[in-house]
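> Turn this into a structure:
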Amino acid sequence: MEDRIKDCLIALMDAIKRADGDAVASQTALLDSHLRQARGTLDPRLAHFLERRSYPRALMFLEGGSARTAGSGGGGR
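A predicted model of the protein is given here:
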């Protein structure tokens, strides 16, 4: 499921860059569906990023980047 989520996130980021509203809406709906289906099996941090629509952080998390620690209390709030 994480591979499907990652593919959706990449497609979403591309759609945002192209200002393709239909594709943004479609990919967002697909991400919501994936989250509903897999919530119990996803890493809690990834689920958190997806629930909060922190899609760039979710993608960084899946790519093994700095988002792995971004949800652990270090944010600037």
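
> gap between Ala15 and Thr41?
Relative to Thr41, Ala15 is positioned 26 Å away (criterion: C-beta to C-beta, to the nearest Å). Every C-beta, even on glycine, is put in place using the N, C-alpha and C of the backbone.

> Which of those two has more residues huddled nearby?
More crowded of Ala15 and Thr41, by other C-beta atoms under 10 Å: Ala15, with 18 against 9.

> Tell me which helix or strand the closest residue to Ser54 other than its chain neighbours sits in.
In this structure, Ser54 finds its nearest non-sequential neighbour in His48, 7.8 Å apart by C-beta to C-beta, 6 or more residues apart in numbering. Here His48, judged by DSSP states H and E, is contained in helix 44-51.

> Would you mind listing the buried residues in that helix?
45-50 (16 or more other C-beta atoms under 10 Å).

> Just the closest of those to Ser33, please.
The closest of the buried residues of helix 44-51 to Ser33 turns out to be Leu50 (C-beta to C-beta; 10.9 Å).

> Check the gap between the closest one and Arg36 for me.
10 Å.

> ditto for Asp3
17 Å.

> Please apply the same query to Ala25.
17 Å.

> okay, these two: which has more neighbours?
Neighbour tally, Ala25 and Arg36, criterion other C-beta under 10 Å: the higher count belongs to Ala25, 12 against 8.

> Quickly find the element holding the more buried one.
helix 21-38.

> What of Leu12?
Leu12 belongs to helix 2-18, assigned by DSSP H and E.

> which regions of this structure sit below the pLDDT cut-off?
Under the criterion pLDDT under 70, the flagged ranges of the chain are 66-77.
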